[in-house]
Each structure stands twice: as C-alpha cells, then as structure tokens.
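A.B. asks: got a predicted structure here, sequence first:
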Amino acid sequence: DRVVEAVKEQVEKFNHVFAPWHMYEPYVELAEKLVEITPGDFEKRVLFFNSGAEAIENAVKAARRYTGRYNIMAFERGFHGRTLFTMGLTSQVRMYKYGFGLTDIGIIRAPYPYEYRCPYKLENSSCATEYLKRIEEIDRLYASFDSIAAVVIEPIQGEGGYVVAPPEFMKGLRKICDDNGIVFIDDEVQSGLGRTGKMWAIEHSEVVPDVIASAKTLSGGLVLSATIGKKEIMDATDPGGLGGTFGGNPASCVASLQT
C-alpha cells in the first residue's frame, strides 16, 4: 500500500522531468541510497535507466570510454539482455540472437565455472582454479587482456540455470581485472537486492566490483534500472554520452525508495 500511495502522491506533483536538465528530489534520494548500500569505499556515480539491458549497455559504454579499449569479456550461458548490443553479451543463440545478424563483434566469450558438474572432474577450489587458467589462456590465444575494456559477469547466472560462481573464481577474476586495467562490471539485475541473503550476490565472494547494474525488483514493478559505478569510470564520457529521456522517472524513483 505504501508504494501505491507514494506513487500517487508523486504523480499528483509531476510525473516526468528530464533529470540531466532539472534534477528532482526522488532521483537524488534514490541515488544516495544506492551509493550507501553498494559495495566499495570509494566515490560513486549513479545513473538511472529503464531496463537491465540499458544499465548494462551504459556500464559498457563508460568502461570503453574510460579505458580506451573496445573488447568486452562475457561468459558462456550468461544473459544480459535482448537489445542489439546486449544480445552479443548474452550467450544463447537460438532463443535470443538467431536471425538478427552480427551481434558478437568485440565480445570475448569465456567459460563460466560450474563446480557442481565440473567438466575437469575437479572439486571445489581446484575446479575454480582450472577455470581461471582457461581465462588466462584468452590473453595468450584469443585476445590480449590489454584490448579488453570490461568483464561483464553475473555472480549467479539466472537464465544460465542458477549457477553460482565460486568465491575463489570471483576473487581470481577480480585480480585479473586489477592486474590488467579491466573494468569489473557486476550484473545484479536478476540476483541483486536481497534475493540471495545479502543485498548483492557478489558480496558472498567478498569481491568489490567497479560497476553494478541493477533493475527488476529495484522499483516494485515500475520501470527503472540503475548503473552504480566508480566516479572516474562514470565520469569518463562526455555530457550526454550516458542517459535517456525517461531514465529515473519520478514515480519509479519514489516506488523504489519504498521497496
């Protein structure tokens, strides 16, 4: 009921303002709240969009501009959206990509760890270590790490079968990113906001990402997504490079503040 009442009250005041031109209180309040609850003791920036795919796309745009690189590492069985770009990040072809032309240009596909049925017949941390070796091979065999702008990963794959990346793998991946100047983008669209017992699924690994994408339950069913990232990454684009007309709709923001 409180969500409905908050939305009603906001709509009676105003229902649309283009945030980059005229900032409004619900947008700022929600941005401050997300800065507070996301991992990382560093200065952050928040931008709002309409869908999880938009949140991911804008995270990638910021990473490309920040690093000056083009390639993006995404994972087998991963799902990041159905737009022309996020289709490329998404792994499955038949359901999401078939017939739409070239969508994977600049996408480096990496194996996602599956400890429960480890294809290397290893257990626990040994399996995670073997997957990290496969990631390291990408640098030598397919695309040098210094050409990769960002890694985009779900800490728990949704469409991929609710597969959990082990902490050892996530920590190793974080180190690869740190050692090679790669932006670590955490896709929490399906797994974030308390659905795993912690606010963000990546917190189970004690890994701090550079950028987080959030959507779905963020606003109690209204249209809203968010990209939360390090200040220097989010500020790397020119004014107008990130955003959208309806991103951070006032009604959606007040709904989110109540959920």
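C.D. replies: The structure has been received and is ready for your questions. Numbers count the residues shown, from 1 in each chain.
A.B. asks: what ranges does the stretch 51-200 of the chain have for its strands?
C.D. replies: 71-75, 107-110, 148-153, 156-157, 163-164, 183-187 (DSSP state E, counting those that start in this stretch).
A.B. asks: and the next helix or strand after the last one, what does it pack against?
C.D. replies: It stands for strand 183-187. Per DSSP states H and E, strand 183-187 leads on to strand 211-214 as the next helix or strand towards the C-terminus. Helices and strands in packing contact with strand 211-214 are listed as helix 52-67, strand 183-187, strand 225-230; criterion 3 or more Cβ pairs under 8 Å, 6 or more residues apart in numbering; DSSP states H and E. Heads up, the C-betas are built off the backbone N, CA and C, glycines and all.
A.B. asks: tell me where the model's unsure across the stretch 51-200 of the chain.
C.D. replies: Across the stretch 51-200 of the chain, not a single residue meets the criterion (pLDDT under 70).
A.B. asks: what is the neighbour count of the closest residue to Ile233 other than its chain neighbours?
C.D. replies: Nearest residue to Ile233, sequence neighbours excluded (Cβ to Cβ, 6 or more residues apart in numbering): Tyr66, at 4.7 Å. Tyr66: 22 surrounding residues under other Cβ atoms under 10 Å.
A.B. asks: Tyr66 contacts Glu232, doesn't it?
C.D. replies: Yes: with contact defined as Cβ atoms under 8 Å, Tyr66 counts as touching Glu232 (6.9 Å).
A.B. asks: quick one on the thing from earlier: want to throw the helices and strands packed on strand 211-214 into TSV with distance to Glu12?
C.D. replies: Output for the helices and strands packed on strand 211-214, formatted as TSV (distance: least, Cβ to Cβ, whole Å):
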stretch	distance to Glu12
helix 52-67	28
strand 183-187	35
strand 225-230	25
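A.B. asks: out of those, flag the one nearest Ala128.
C.D. replies: Closest to Ala128 of the helices and strands packed on strand 211-214 is strand 183-187 (Cβ to Cβ; 16.6 Å).
A.B. asks: between the closest one and strand 148-153, how many degrees?
C.D. replies: Angle of strand 183-187 versus strand 148-153, following axes from the mean of the first three to the mean of the last three Cα atoms, to 10 degrees, is 30 degrees.
A.B. asks: which neighbouring elements make contact with strand 183-187?
C.D. replies: The contact analysis (3+ Cβ pairs under 8 Å, 6+ apart) places strand 183-187 against helix 52-67, strand 148-153, helix 167-180, strand 211-214.
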